[in-house]
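1. following is a predicted model, sequence given first.
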Amino acid sequence: MYNHIGHFAAAGEAICKALFFGGVTRRFPTLKFAFLECGVGWACSLYSDLIGHWEKRNGKAMDNYNPANLDREMYYDLARRYGGKLVEGKLDRLGEGWGLSGTKEDPETIDDWWRCGINKAEDIRDLFVPNFYFGCEADDPINAMAFDSKKLPFGERLNAIFSSDIGHWDVPDMTEVTEEAYEMVEHGLISDEDFRDFVFANPARLWAGMNPNFFKGTRVEDAVKKLMTD
């Protein structure tokens with residue numbers, strides 16, 4: 001159980017971050033990715049974390065922490081006046097290992113966001129939300145987080161998709177899986193419209209968004225066609 005709990009979520013997050021920072025969704029804006037069996041809680045956190053980190057550590061903001069901008073003369077003066085025994089006899093070595101003697105940082109490597117071309121926080125939203133889909137087990141109440149636009153940045157909703165493994169050995173009765181998923185509505189966690197997105201609209205957009213004929217010849221062909229043209 002130690003190895004099983006959170007395993008798919010951790011793996012999904014690592015791949016999702018790599019795709020995003022690698023600029024894949026920037027270069028291929030119509031390409032969609034689905035992370036199955038991993039839930040959506042980690043994705044809500046990642047989406048929010050990306051925006052929070054960019055605001056503090058984008059290429060321009062990193063200059064706030066550039067050792068080259070430090071007033072060294074003032075720094076050593078303050079150290080002499082207030083450093084006491086902590087720096088006594090060590091002023092000549094005070095800057096060692098602290099970057100105070102200058103930096104060899106390549107200016108082109110300071111911006112970790114350059115591959116995905118982030119110029120404003122909204123760019124993260126536009127390169128994350130439409131491209132990533134998150135498979136969720138039926139009985140996971142955290143699924144509701146994907147539809148909580150009051151908590152997610154820019155009032156967005158993430159693309160949670162119903163993808164429970166009804167054929168697995170730990171599902172003794174596969175007829176109860178959809179019923180368990182609908183409990184989120186019964187418990188007031190999501191609306192009927194949210195549930196429709198969860199079990200139909202989001203999965204349909206995932207597949208038909210890349211291949212308009214994916215559902216051709218199936219019982220849901222007309223419903224998907226109407227969804228994609230509305």
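-> Structure received. Numbers count the residues shown, from 1 in each chain.
2. what about residue 135, which SS state?
-> For residue 135, the secondary structure call by DSSP: H, G, I helix; E, B strand; the rest coil comes out as strand.
3. helices of this protein, residue ranges please.
-> Along the chain, counting by DSSP state H, helices occupy 7-21, 24-27, 41-57, 72-82, 121-128, 177-186, 192-196, 202-208, 221-229.
4. CSV for these, including distance to residue 149, mean pLDDT and mean neighbour count?
-> C-beta coordinates here come from the backbone N, C-alpha and C atoms, glycine included. Putting the helices of the chain into CSV (distance: least, CB to CB, whole Å; pLDDT from 0 to 100; neighbours: other CB atoms under 10 Å) gives the following:
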stretch, distance to residue 149, mean pLDDT, mean neighbour count
helix 7-21, 20, 96, 16
helix 24-27, 21, 98, 16
helix 41-57, 11, 97, 18
helix 72-82, 46, 86, 12
helix 121-128, 12, 98, 18
helix 177-186, 16, 93, 15
helix 192-196, 10, 97, 14
helix 202-208, 14, 97, 19
helix 221-229, 20, 96, 13
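5. now for those, which one comes closest to residue 162?
-> Evaluated over the helices of the chain, closeness to residue 162 peaks at helix 177-186, with 5.8 Å, by CB to CB.
6. how much space between residue 201 and residue 161?
-> 9 Å (CB to CB, to the nearest Å).
7. out of the two, which sits in the more crowded spot?
-> Per other CB atoms under 10 Å, whichever of residue 201 and residue 161 has more neighbours is residue 161, with 25 against 20.
8. show me the beta-bridge partners of that one.
-> Listed beta-bridge partners, residue 161: residue 135 (assigned using DSSP bridges).
9. could you check how far it is from residue 34?
-> Distance, residue 161 to residue 34, using CB to CB: 7 Å.
10. overlap in contacts, these two.
-> Common neighbours of residue 161 and residue 34, counting by CB atoms under 8 Å, 6 or more residues apart in numbering, are 133, 134, 135, 206.
11. ok, of these, which one's closest to residue 153?
-> Ranked by distance to residue 153 (CB to CB), the shared contacts of residue 161 and residue 34 are led by residue 134 at 16.3 Å.
12. now do the contacts for the closest residue in space to the closest one that isn't next to it in sequence.
-> Excluding the flanking residues, the one nearest residue 134 by CB to CB, 6 or more residues apart in numbering is residue 40, at 4.1 Å. With contacts defined as CB under 8 Å, 6+ apart, the neighbours of residue 40 are 134, 136, 142, 143, 145, 146, 158, 160.
13. how many neighbours does the first one have?
-> The tally of other residues near residue 134 (other CB under 10 Å) stands at 27.
14. and what of the fifth one?
-> Taking other CB under 10 Å as the neighbour definition, residue 145 ends up with a count of 21.
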